[in-house]
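Participant: just the structure for this:
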Amino acid sequence: MKWPTLDLWQIELTDLYAEAKAAVKDGRFHDALLHLKHLVQTNPEHENGWLALSRLSKNPELQIIALEKAVALNPNNKKGKTRLKALRKDHQHPFKLGRAFESVGEPQKALDAYRQAAWQAKSKEGRKAARDRQDAIKQQLRQKNMRITTPSLTLMRLGAGPTTLYLLLLLIQAGLNPLRVPILLLVGTLFVLAGSLLLTAIHLTPNHRLWQQLLQTPTLNLAQQAKTAVFSFIGFVCVALPFVLLFLHSVNRLEVYKATVF
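Facilitator: Residues are numbered from 1 along each chain as shown. Predicted structure coming up:
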């Protein structure tokens, strides 16, 4: 029996990493995850393998382990250290951990995290929020053919609603001629889009990473409630103001029409 040489062994390790990348491109994430696990088990010093595993895995515990290995191999990896710090911080807040599990489609683990959050909560509001999420997940688990979408997809789907409605009203106001839409009202589309995305992020996808980075405060404390109120008001104004201007423009055109006809 001929044992593989060191060069052949390195080629096999490289092939595993290449196969994992190819699997990701093809959408075979489970296969890619298996390749990466085999790679880092065979060669624990493969930094890129650990980094890829931390990005691909949906398990926060495995992400932390993989990032710890990658940072230990390359202490100059500032992005890795930042991600590792953020993950560890989330583990100190079971409520946030539950949100994270929800976002990756693991309701059972999210349920366990919310139970821990309710047990550790120091206020009635914290316990109530954790129990509300438990009830919501239990209701989802009782439903058949449940499909869990990512926070980004939910944000785009729900945030596009008010924008689409505003554009349709603009076209109707302009007689279905886009060239007749006033520039000011057209610019209002951007405000409606920004406001609807902001409101959706606050109230429907609070576990989205961009919203969490914007808050940067622990769950359910006074600072977060104040920020939520401020951003909710800003989002409401951004959505409502263009609709109000469109309504006033319509009323003005109606008055001009009446004056011309009568």
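Participant: for Val181, see how far away Gly175 is.
Facilitator: Here the distance between Gly175 and Val181 works out to 10 Å (C-beta to C-beta, to the nearest Å). Placement of C-beta: from N, CA and C, glycine included.
Participant: check Ser250 too.
Facilitator: Summarising the geometry, the distance separating Ser250 from Val181, computed by C-beta to C-beta, is 13 Å.
Participant: list residues touching both of those two?
Facilitator: With contacts defined as C-beta atoms under 8 Å, 6 or more residues apart in numbering, the residues adjacent to both Ser250 and Val181 are Gln173.
Participant: okay, these two: which has more neighbours?
Facilitator: With other C-beta atoms under 10 Å as the criterion, Ser250 and Val181 differ in neighbour count, and Val181 comes out ahead with 16 against 13.
Participant: surely the more buried one and Ile172 touch.
Facilitator: No. Taking contacts as C-beta atoms under 8 Å, Val181 lies outside contact range of Ile172: 10.5 Å.
Participant: and the helix or strand hosting Tyr166, what's buried?
Facilitator: Taking DSSP states H and E as the criterion, the element that holds Tyr166 is helix 151-173. Across helix 151-173, burial judged by 16 or more other C-beta atoms under 10 Å covers 151, 154-155, 158-159, 162-163, 166-167, 169-170, 173.
Participant: tell me which other helices or strands that helix touches.
Facilitator: With contacts defined as 3 or more C-beta pairs under 8 Å, 6 or more residues apart in numbering; DSSP states H and E, helix 151-173 has these neighbours: helix 183-203, helix 222-261.
Participant: go through these and pick out the most buried.
Facilitator: Most buried of the helices and strands packed on helix 151-173 by mean neighbour count (mean count of other C-beta atoms under 10 Å) is helix 183-203; its value is a mean of 18.
Participant: which other residues reach that one?
Facilitator: Counting contacts by C-beta under 8 Å, 6+ apart, the residues outside helix 183-203 that touch it are 154-155, 158-163, 166-167, 170, 173, 208, 210-211, 228, 231-232, 234-243, 245-246, 249.
Participant: rerun that using 6 Å as the cut-off
Facilitator: With contact meaning C-beta atoms under 6 Å, 6 or more residues apart in numbering, helix 183-203 is reached by 155, 158-159, 162-163, 166, 170, 208, 211, 228, 231-232, 235, 238-239, 242, 246.
Participant: report the inter-axis angle for it versus helix 151-173.
Facilitator: Comparing the axes of helix 183-203 and helix 151-173 via axes from the mean of the first three to the mean of the last three C-alpha atoms, to 10 degrees yields an angle of 150 degrees.
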